[in-house]
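1. sequence unknown, structure follows:
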């Protein structure tokens with residue numbers, strides 16, 4: 001969610017802001033920091049530090065034109081797997097038309113993938129009509145429908161737009177503490193809210209305090225009342241620091257997220273999506289990791305011992321330094337199972353399909369990953385002989401020649417088996433496939 005006009009900076013004393021925003025009741029989520037995601041955050045979302053919740057766009061309507069957000073389901077799964085309480089929002093460009101609101105809610109309410117009781121917010125920041133009463137009627141219609149469906153309704157916008165187009169007091173009279181209001185002090189990266197520019201008005205439950213919660217842009221929000229507990233029965237944190245949320249009800253998306261959440265790091269396999277933990281500073285080989293990798297999501301391309309290879313940047317990282325977001329199902333294979341190569345296939349794409357290393361797949365068929373495969377070739381994809389393969393972890397001073405000599409193979413074969421040439425660099429801690 002982004003502003004359409006420049007915000008008017010409001011200088012408000014910190015204590016005055018708190019007196020408007022924070023009720024006396026203490027909730028578990030009060031003070032938690034979270035994010036909201038749309039298509040710009042990709043299939044698995046984007047993270048700031050120490051996030052506890054995510055509010056995810058399912059789609060919306062603009063003057064009666066409905067659209068789905070293709071990232072909604074996968075982002076819900078990823079957030080659940082990462083231990084975040086997940087909620088939903090809709091772009092609500094209905095102007096002053098309750099009828100357009102009806103069409104939107106008829107379409108989207110059956111598609112909500114977050115648990116019953118969770119937030120479903122209406123994003124109303126563009127396209128208002130000239131009638132404040134009609135605009136407010138359309139918003140209240142949508143919020144009533146959300147409440148009737150068993151979710152927690154909220155209204156999102158920013159203060160100047162709300163004051164100009166909406167009678168928010170009518171909203172609060174029917175839905176107390178249901179406002180989600182944005183106000184940014186600047187466009188610098190911010191981890192925590194600056195209450196000096198808090199949009200002082202009653203009934204604010206969520207405060208969106210920045211659009212730069214992380215480099216490259218990410219909305220950051222603070223829960224002022226504990227409203228993000230809605231739809232959840234608490235959470236459990238393990239000794240290792242992993243958090244498991246407990247949705248009040250399940251949906252296909254939250255079920256999938258919980259499956260990933262319950263999968264241990266030792267079970268990570270090729271094809272799974274993982275997020276690099278904040279605070280990770282080194283790759284598996286000890287080389288310093290750039291800070292921009294932290295919080296990013298990658299697909300696992302290979303697994304070797306305690307390390308996983310991150311697709312796209314082709315770097316190895318210890319599995320203890322990642323969080324599993326989505327886990328793939330592996331086709332059932334039995335001894336002697338085969339796969340017929342199709343046009344466009346590669347060693348990697350076939351191995352991904354069966355949860356294998358591409359090096360293992362190639363070796364099981366008497367080839368290397370440098371070997372060409374053709375449509376119609378029949379490859380063995382059985383897992384029967386996986387355990388017979390040998391890997392070596394490079395040490396300081398090693399070379400392709402010294403490692404190849406140790407195992408009685410050609411250094412050219414060793415390099416090719418690992419997608420390299422003998423002129424490629426190898427680093428201490430790097431796992432190499434031997435045979």
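-> Everything's here; your move. Note that the coordinates shown come from a computational prediction; the quantities given were computed from them, not determined experimentally.
2. ok, residue 319 touching residue 310?
-> No. Between residue 319 and residue 310 there is no contact under Cβ atoms under 8 Å: 11.0 Å. All C-beta spots, glycine's among them, are computed from the backbone N, C-alpha and C.
3. tell me, how many neighbours does residue 339 end up with?
-> If you count neighbours by other Cβ atoms under 10 Å, residue 339 ends up with 17.
4. with the one 10 residues further on instead?
-> Applying other Cβ under 10 Å, we find 12 residues neighbouring residue 349.
5. low-confidence ranges in this structure?
-> Along the chain, segments meeting pLDDT under 70 span 1-27, 238-242, 258-265, 326-336, 352-353, 355-357, 382-391, 417-419, 429-431, 435.
6. only the buried residues of the longest helix along it, if you could.
-> In the chain, ranked by residue count with DSSP state H as the criterion, the top helix is helix 132-148. Going by neighbour count (16 or more other Cβ atoms under 10 Å), the buried part of helix 132-148 is 132, 134-143, 145-146.
7. out of those residues, which is nearest to residue 293?
-> residue 146 (38.3 Å; Cβ to Cβ).
8. hmm, the closest one is touching residue 116, no?
-> No. Residue 146 lies out of contact with residue 116 (Cβ under 8 Å); the separation is 11.3 Å.
9. doesn't residue 360 lie inside a strand?
-> No. Residue 360 is assigned helix when assessed by DSSP: H, G, I helix; E, B strand; the rest coil, not a strand.
10. burial of it, as a residue count?
-> 20.
11. do I have it right that it meets residue 351?
-> Yes. Using Cβ under 8 Å, residue 360 makes contact with residue 351 at a distance of 7.3 Å.
12. tell me where the stretch 51-200 of the chain has helices.
-> For the stretch 51-200 of the chain, the helices defined by DSSP state H, counting those that start in this stretch occupy 72-81, 98-108, 132-148, 159-165, 168-174.
13. my bad, the stretch 301-435 of the chain
-> Using DSSP H, counting those that start in this stretch, helices in the stretch 301-435 of the chain cover 347-353, 358-364, 400-407, 411-417.
14. residues contacting the nearest residue to residue 348 once chain neighbours are set aside?
-> Computed as Cβ to Cβ, 6 or more residues apart in numbering, the closest residue to residue 348 that is not its neighbour in sequence is residue 358, at 4.9 Å. Residues near residue 358 by Cβ atoms under 8 Å, 6 or more residues apart in numbering: 301-302, 347-348, 350-351, 369.
15. how many neighbouring residues does residue 266 have?
-> 8.
16. that one is in contact with residue 324, isn't it?
-> No. Between residue 266 and residue 324 no contact is recorded; they are 10.5 Å apart, counting by Cβ under 8 Å.
17. re the thing from before, for the contacts of residue 358, work out which two are farthest apart.
-> 302 and 350 (13.7 Å).
18. between those two, which has more neighbouring residues?
-> Of the pair residue 302 and residue 350, residue 302 is the one with more neighbours under other Cβ under 10 Å, namely 24 against 19.
19. most tightly packed of the helices of the stretch 301-435 of the chain?
-> helix 358-364 (a mean of 22; mean count of other Cβ atoms under 10 Å).
20. run through the bridge partners of residue 340.
-> residue 378 (DSSP bridges).
21. who are the contact partners of it?
-> 376-379.
22. show me the chain divided up by domain.
-> 14-237, 263-326, 338-387, 390-433 (automatic domain parsing).
23. to residue 253, which of those lies closest?
-> That would be, of the domains of the chain and by Cβ to Cβ, domain 14-237, which comes in at 3.7 Å.
24. quick revisit: out of the domains of the chain, deepest packed?
-> domain 14-237 (a mean of 20).
25. correct me, but residue 345 touches residue 372?
-> No. When contacts are counted by Cβ under 8 Å, residue 345 is not listed as touching residue 372 (11.4 Å).
26. want to throw the domains of the chain into TSV with distance to residue 245?
-> What follows is the domains of the chain, written out as TSV (distance: least, Cβ to Cβ, whole Å):
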stretch	distance to residue 245
domain 14-237	5
domain 263-326	13
domain 338-387	27
domain 390-433	34
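27. contacting residues around residue 69?
-> 38-39, 57-60.
28. quick one: it from residue 111, how far?
-> According to Cβ to Cβ, to the nearest Å, residue 69 and residue 111 sit 10 Å apart.
29. check the offset of the top strand by length along the chain from the chain's centre.
-> In the chain, with assignment by DSSP state E, the single longest strand is strand 51-62. Distance of strand 51-62 from the chain centroid (Cα atoms, centre = their mean, to the nearest Å) equals 12 Å.
30. next, the angle helix 98-108 makes with that strand.
-> Following axes from the mean of the first three to the mean of the last three Cα atoms, to 10 degrees, one obtains 120 degrees for the angle between strand 51-62 and helix 98-108.
31. now for strand 51-62, which elements pack on it?
-> strand 33-37, strand 65-68, helix 72-81, strand 85-93, helix 98-108, strand 119-123, strand 219-223 (3 or more Cβ pairs under 8 Å, 6 or more residues apart in numbering; DSSP states H and E).
32. in TSV, list these along with distance to residue 157.
-> Shown next, in TSV, are the helices and strands packed on strand 51-62 (distance: least, Cβ to Cβ, whole Å):
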stretch	distance to residue 157
strand 33-37	13
strand 65-68	20
helix 72-81	21
strand 85-93	10
helix 98-108	15
strand 119-123	7
strand 219-223	13
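33. quick one: closest of the ones you listed to residue 280.
-> helix 72-81 (17.9 Å).
34. so what touches that closest one?
-> Against helix 72-81 from outside (Cβ under 8 Å, 6+ apart): 37, 41, 43-45, 54, 56-59, 86, 88, 113-114, 245, 247, 251-254, 256-261, 273, 275, 297, 323-327.
35. also stretch 133-141?
-> 92, 94-98, 100-102, 122, 124, 128-129, 155, 165-167, 170-171, 174.
36. again, only using 6 Å
-> 94, 96-98, 101, 124, 128-129, 165-167, 170 (Cβ atoms under 6 Å, 6 or more residues apart in numbering).
37. how far does that stretch sit from its chain's centre?
-> 33 Å.
38. so residue 206 sits in a helix?
-> No. Using three-state DSSP, the assignment for residue 206 is strand, not a helix.
39. test my guess that residue 55 contacts residue 36.
-> Yes. Counting by Cβ atoms under 6 Å, residue 36 is a contact partner of residue 55 at 4.2 Å.
40. dump the helices of the stretch 301-435 of the chain to CSV, plus distance to residue 31.
-> Formatted as CSV, the helices of the stretch 301-435 of the chain follow (distance: least, Cβ to Cβ, whole Å):
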stretch, distance to residue 31
helix 347-353, 41
helix 358-364, 46
helix 400-407, 53
helix 411-417, 52
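41. looking at these, spot the one closest to residue 286.
-> Short answer: helix 400-407, nearest of these by Cβ to Cβ, at 18.0 Å.
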